[in-house]
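> structure of the sequence below:
(4 chains)
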Number of protein chains: 2
Amino acid sequence: MLGDSTGYEINKLFEDGLFSHFLDASYGSIYPALTRLTEQGMLTCTAEAQDGRPDKKVYSLTARGKKALREALMSPVSPDKHRSEFIFASIFAAMLPGQRVAELVDAQLANCREDLARIEDALASDIDCSSKRFVLGYGQVVMKASIEYLEKHRQDIEAAASPETAPDGAGIPA
Amino acid sequence: MLGDSTGYEINKLFEDGLFSHFLDASYGSIYPALTRLTEQGMLTCTAEAQDGRPDKKVYSLTARGKKALREALMSPVSPDKHRSEFIFASIFAAMLPGQRVAELVDAQLANCREDLARIEDALASDIDCSSKRFVLGYGQVVMKASIEYLEKHRQDIEAAASPETAPDGAGIPA
DNA sequence: TGAGACATATATCGGACCTAAATAGGTCGC
DNA sequence: GCGACCTATTTAGGTCCGATATATGTCTCA
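Purely as a prediction, here's the structure:
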């Protein structure tokens, strides 16, 4: 729907592109899906020969594929899922040394800042499309809120860390 | 680590409890994991007979299990994953009727508000544990930021919706 | 000029995980 | 007494991810 594309390019969309913050899909899903959708008449495939590399297979959405997408978008959407190993580790801060907790917060902050930078780059360059701006703006406010919270409250979780003195498991929620 | 528990109770932790916003796991993961961890000596299991129901199997973390948890928490954590079908649909707002887009925003707002209410209930009742407060607080600010953004910018995505007049696909990002 | 890192490009295996249903009875409200 | 919902475990089926294999081009830096 976003234009003719190869599996490789679709993967990049999920890794660095417009989709990267709120969506995910990997080669193990993308290539089998392209094959299946072509068999079902949702896509057409044009192979372009290249020297020294596998053929570049460019896929295009058919009218039927577009109809199927529109129908899919009319059916109920499931609620967001947000998974965080950082949060998981934070729950058990009381059994970790303070240094490790600080390290976890630093890593989380670095991830958020990187994500925010990527989003703001995209916002600065492609201000053309309103749905794109809406999606990027959503990611931006969520990342900003996370960063602000971590900066303001990191001492709370760092204080919860178990120094050598505290007994194992003291302070873990019941 | 959070106390002796059954598989059923662990599931509730992921569905409504402390873990529900940032983590997920279902019976299909929980029960096999409990069996495997018991075989590996990470857990012990005590079956309590109940009339008319399957035995209630109460699992307890062993010293070895606790050590393995601590080691796991010292190994690198992967970055957060945030998946949203709402965002996916928003990207294609231009091929949907305005009514459908408004419906999607309403549903997303309802989900966020429900989540926020659950978090704030938990914050109001259990203010005992600092790591718990930190985790709930993180969820709270993220949900608040989402709700605020949706309320302030919903007209942007609703305006991007394709009325009957616009051609299919006009306004979809390139 | 050469080494190493990174990008292009597709494909697939193994395993982890989720969804959903099956099973069986209990409690609570109306 | 009926229906809705809660307790409690188990598993079959299918989807999806992570990692790797395969081959080659390009860019950087010494």
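> what's the pLDDT at the residue positioned nearest the centre of chain A?
By Cα atoms, centre = their mean, chain A has its centre lying nearest to A:His21, at 3.5 Å. pLDDT recorded at A:His21 is 92.
> you'd agree it is up against B:Lys81?
No: under the criterion of Cβ atoms under 8 Å, A:His21 is not in contact with B:Lys81, lying 9.8 Å apart. For every residue, glycine as well, the C-beta is placed using N, CA and C.
> nearest spatial neighbour of the residue nearest to the centre of chain A, chain-adjacent residues omitted?
Nearest non-adjacent residue to A:His21, counting by Cβ to Cβ, 6 or more residues apart in numbering or on different chains: A:Gly139, 4.1 Å away.
> does that neighbour lie in a helix or a strand, and which?
helix A:130-160 (DSSP states H and E).
> and for the residue nearest to A:His21, the neighbour number?
A count of nearby residues for A:Gly139, using other Cβ atoms under 10 Å in any protein chain shown, gives 24.
> report whether stretch A:66-77 contacts DNA strand D.
No: with Cβ under 7 Å from any atom of the strand as the criterion, DNA strand D is not reached by stretch A:66-77; the gap is at least 11.7 Å.
> could you give me the average pLDDT of that stretch?
Stretch A:66-77 comes out at a mean pLDDT of 94.
> tell me if that stretch is near chain B.
Yes: part of stretch A:66-77 sits close enough to chain B to count as contact by Cβ under 8 Å from any Cβ of the partner chain, namely A:66, A:69-70, A:73-74, A:77.
> what residues does the helix or strand where A:Ser29 lies touch?
In this structure, A:Ser29 sits in helix A:27-39 according to DSSP H and E. With contact meaning Cβ atoms under 8 Å, 6 or more residues apart in numbering or on different chains, helix A:27-39 is reached by A:7, A:10-11, A:43-45, A:57, A:59, A:65.
> just the angle between the helix or strand following it and helix A:27-39, please?
Going down the chain from helix A:27-39, the next helix or strand is strand A:43-48, by DSSP H and E. For strand A:43-48 against helix A:27-39, the angle by axes from the mean of the first three to the mean of the last three Cα atoms, to 10 degrees is 110 degrees.
> pairing partners for strand A:43-48, with directions?
strand A:56-61 (antiparallel) (DSSP bridges).
> does DNA strand C have contacts with the partner strand?
Yes: Strand A:56-61 lies within reach of DNA strand C by Cβ under 7 Å from any atom of the strand, at A:56-58.
> looking at those residues, which is nearest A:Gln50?
Comparing the residues of strand A:56-61 next to DNA strand C against A:Gln50 with Cβ to Cβ picks out A:Lys56 as the nearest, at 5.6 Å.
> doesn't A:Ala47 make contact with that closest one?
Yes: with contact defined as Cβ under 8 Å, A:Lys56 reaches A:Ala47; the gap is 7.3 Å.
> and the two? Which one has more around it.
Neighbours were counted for A:Lys56 and for A:Ala47 using other Cβ under 10 Å; A:Lys56 has more, 14 against 10.
> so what's the more buried one bridging to?
A:Glu48.
> on that earlier part again, any chance of the residues of stretch A:66-77 next to chain B in a markdown table, with secondary structure and distance to B:Arg100 too?
Listed next are the residues of stretch A:66-77 next to chain B as a markdown table, based on DSSP: H, G, I helix; E, B strand; the rest coil; distance: Cβ to Cβ, whole Å:
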| residue | secondary structure | distance to B:Arg100 |
| --- | --- | --- |
| A:Lys66 | helix | 16 |
| A:Leu69 | helix | 13 |
| A:Arg70 | helix | 10 |
| A:Leu73 | helix | 7 |
| A:Met74 | helix | 6 |
| A:Val77 | coil | 11 |
